[in-house]
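K.L.:
Kindly return the folded structure for what I paste below:
(2 chains)
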Number of protein chains: 2
Amino acid sequence: MNSFASLVQQFETYFLSQKTFPQQPETLYDPCNYLLKLGGKRVRPVLCLMGNELFGDIIEDAWHAASGIELFHNFTLIHDDIMDKAPLRRGHTTVHEKYGLTAGILCGDVMAIYAYRQMSHVKNALEDVLEIFNKTAIEVCEGQQWDMDFETRADVSIDEYIHMITLKTSVLLAAALKIGAVLGGATDGNTEKIYEFGKNLGIAFQLQDDYLDSFGTDKTGKQNGGDIKSNKKTYLLLKALENATNEQRNAINTLLETDSENKVTEMLELFKTTGADAACRELVNLYSNRAFDCLDQIAVLSKRKQPLHDLASYLLQRDK
Amino acid sequence: MNSFASLVQQFETYFLSQKTFPQQPETLYDPCNYLLKLGGKRVRPVLCLMGNELFGDIIEDAWHAASGIELFHNFTLIHDDIMDKAPLRRGHTTVHEKYGLTAGILCGDVMAIYAYRQMSHVKNALEDVLEIFNKTAIEVCEGQQWDMDFETRADVSIDEYIHMITLKTSVLLAAALKIGAVLGGATDGNTEKIYEFGKNLGIAFQLQDDYLDSFGTDKTGKQNGGDIKSNKKTYLLLKALENATNEQRNAINTLLETDSENKVTEMLELFKTTGADAACRELVNLYSNRAFDCLDQIAVLSKRKQPLHDLASYLLQRDK
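P.N.:
I've put the predicted structure just below:
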């Protein structure tokens, strides 16, 4: 059994040694290579390999599927960054900022096609793999659309928010595991469980990410708060508004309309007094527990589950 | 054997009766449905059906593949219109003009994925079909990139121009026929011939389109000239520059820098005196003849070829 860290290194070597793109036209493929070489955590492709290894030795198909999933993920990053007008990705200039809007659109497009080409190289259970991948790819687009829509909507519910992050973030993690499991020869019951594990893990991770964006500090110990500054409709804000007294709601709405220096600290205080912070931590625990329950229920020897257990614990920064 | 017109009608009925997209999120799928319902000539999907029927009865798979090809084509139109800043498509407001940039990017993306989902529903020769489709989809993106690059380049050669229109326009027509042929059970030799037929037909058609944009008239009898007004590097312009004397070249370059009322008529005169117009008509004939030669060489009864022969004659507006 390989650890997550070992598989990340193996995947990185494999992925970057592939001559995925031809040289010409440079204006199309240079931006593609630029993004891929910026790195990234490679969580999704490695989950595909781990999903395979949970049930058997990693087969050649899983490497193709893992590459396809990583290419697809990078395609969504390129186009999301355009829609979000993001200047930075992985600490570097975003593709559309560096190469222009046309290159951003078109190199995203061609990367999506290369993703499908990699998926098409799968020889075992190709139809099943494509069905999972297609369904998931559509959901990821839908999640991004909901996220965009929420920016201009005042009536976003918490259920809608959870649905959005599920589609935008979690289903691709879940599908990566499930495709790996299918390639590893898992039973239908086990593939469903691994999917649910990935989905709940993804939701827990995203909620925790939201929490840390507000309550965490960066490497220098500086208070975060990017979501608060940009009025992002995170779980914390939605829950605070739901729980708020009239007075608290007025305070939140006033803060949303200001750019004052104290905006972050005052909003954090409101997140605490409304109980949104505690509710967020509870929800992270709820989805984490669901994820670990699903993993427990998968019918393989528990030592085979250890790498996934370790990874989930690491991602959710909690001890076993 | 079905005529082109009959298959267009059958495809239109089939395609629009499919519930391709779900209802939600409306902001994602309304723009998709908007474009698909604007119509279009449906040449590509019908070529897929005709490629099948050249070799045998049309099978269910061909309808999926035809739908996939039409969805893919529409996806490229949405994104090309963004890159070209085009206000109109099929006589109506373009998707990004009507719904915004984010919707334009994202509904193009999701339509590409639905295209792949349709292709994945093919049951016979799925691997072969996907290989043709992937290769072609990549080439179409590359063609669009070359087209974009040419806008700012002063040294575009005629060979490069032909290569660009081959990728941007012809290979999808060719691949539609080839996928149909594969599904019809054609031999490798015949599938290659039908591909070459489609490729040469596409090049001839695009060159003729360029010619008519300059020398043709619209429905009201008004002189065209859109390409000339926008300084588009068409075959006519490139050939005129290649053939020009120094004096003629100076005249062309001066015209390229003006927006004068006489720009179109003076450029047309230069296209004639440099012999670019005659060279264009000759090249249309050359590629047309190659297309018809390929069709002749396909080893099936000639009466089976009649619908494709009729269609090619119609598209190239020439008699048998």
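
K.L.:
which stretches of chain A have low pLDDT?
P.N.:
A:220, A:318-320 (pLDDT under 70).

K.L.:
For chain A, just list every one of the strands.
P.N.:
Taking DSSP state E to define them, one finds strands in chain A at A:88-89, A:92-93.

K.L.:
Residues contacting the first one, please?
P.N.:
Applying CB atoms under 8 Å, 6 or more residues apart in numbering or on different chains, the external contacts of strand A:88-89 come out as A:35, A:38, A:77, A:81, A:94-95. Every C-beta, even on glycine, is put in place using the N, C-alpha and C of the backbone.

K.L.:
closest to residue B:205 among those?
P.N.:
Among these, residue A:95 lies closest to residue B:205 (CB to CB), at 34.0 Å.

K.L.:
that older thread, kindly reformat the strands of chain A as TSV containing mean neighbour count.
P.N.:
TSV is the format used below for the strands of chain A (neighbours: other CB atoms under 10 Å in any protein chain shown):
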stretch	mean neighbour count
strand A:88-89	16
strand A:92-93	16
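
K.L.:
Turn those into JSON lines, columns for distance to residue B:227.
P.N.:
Output for the strands of chain A, formatted as JSON lines (distance: least, CB to CB, whole Å):
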{"stretch": "strand A:88-89", "distance to residue B:227": "38"}
{"stretch": "strand A:92-93", "distance to residue B:227": "35"}
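
K.L.:
next one: stretch A:70-83 to chain centre, how far?
P.N.:
Relative to the centre of its chain, stretch A:70-83 is centred 11 Å away, using CA atoms, centre = their mean, to the nearest Å.

K.L.:
so which of the contacts of strand A:88-89 is the most crowded?
P.N.:
The most crowded member of the contacts of strand A:88-89, judged by other CB atoms under 10 Å in any protein chain shown, is residue A:95 (28 neighbours).

K.L.:
Please verify my assumption that that one contacts residue A:111.
P.N.:
No - Residue A:95 is beyond contact range of residue A:111, at 9.8 Å (criterion: CB atoms under 8 Å).

K.L.:
Can you tell me which residues in chain A are near chain B?
P.N.:
With CB under 8 Å from any CB of the partner chain as the criterion, chain A meets chain B at residues A:24-25, A:27-28, A:79, A:82-83, A:101-102, A:105-106, A:108-110, A:112-114, A:116-117, A:120, A:126-127, A:130-131, A:134, A:137-138, A:141-142, A:144-146, A:148-149.

K.L.:
By proximity to chain B, which residue of the stretch 201-320 of chain A wins?
P.N.:
The minimum distance from the stretch 201-320 of chain A to chain B, using CB to the nearest CB, falls at residue A:233 (15.6 Å).

K.L.:
And that residue, its phi and psi?
P.N.:
Main-chain dihedrals, residue A:233, degrees, to the nearest 10: phi -80, psi 80.

K.L.:
Separate out the buried members of the residues of chain A next to chain B.
P.N.:
By neighbour count, with 16 or more other CB atoms under 10 Å in any protein chain shown, the residues of chain A next to chain B hold A:25, A:27-28, A:79, A:82-83, A:102, A:105-106, A:108-110, A:112-114, A:116-117, A:120, A:126, A:130, A:134, A:137-138, A:141-142, A:144-146, A:148-149 as buried.

K.L.:
With adjacent residues omitted, what lies nearest to residue A:87?
P.N.:
Nearest non-adjacent residue to residue A:87, counting by CB to CB, 6 or more residues apart in numbering or on different chains: residue A:97, 5.6 Å away.

K.L.:
do you know how far that neighbour is from residue A:104?
P.N.:
8 Å (CB to CB, to the nearest Å).

K.L.:
Isn't residue A:224 up against residue A:216?
P.N.:
Yes - taking contacts as CB under 8 Å, residue A:224 lies within contact range of residue A:216: 5.1 Å.

K.L.:
Neighbours of the nearest residue to residue A:70 once chain neighbours are set aside, how many?
P.N.:
Excluding the flanking residues, the one nearest residue A:70 by CB to CB, 6+ apart is residue A:45, at 4.2 Å. Number of residues near residue A:45 (other CB under 10 Å) recorded here: 29.

K.L.:
Kindly report the same for the one 10 residues further on.
P.N.:
For residue A:55, the tally of surrounding residues (other CB under 10 Å) stands at 21.

K.L.:
can you pull the contacts of it?
P.N.:
Per CB under 8 Å, 6+ apart, neighbours of residue A:55: A:181, A:184-186, A:190, A:300, A:304.

K.L.:
swap in residue A:133?
P.N.:
A:68-69, A:72, A:119, A:175, A:179 are the contacts of residue A:133 under CB under 8 Å, 6+ apart.

K.L.:
distance of it from residue A:222?
P.N.:
Going from residue A:133 to residue A:222 by CB to CB gives 40 Å.

K.L.:
now do residue A:240
P.N.:
Here residue A:240 is placed at a distance of 23 Å from residue A:222 (CB to CB).
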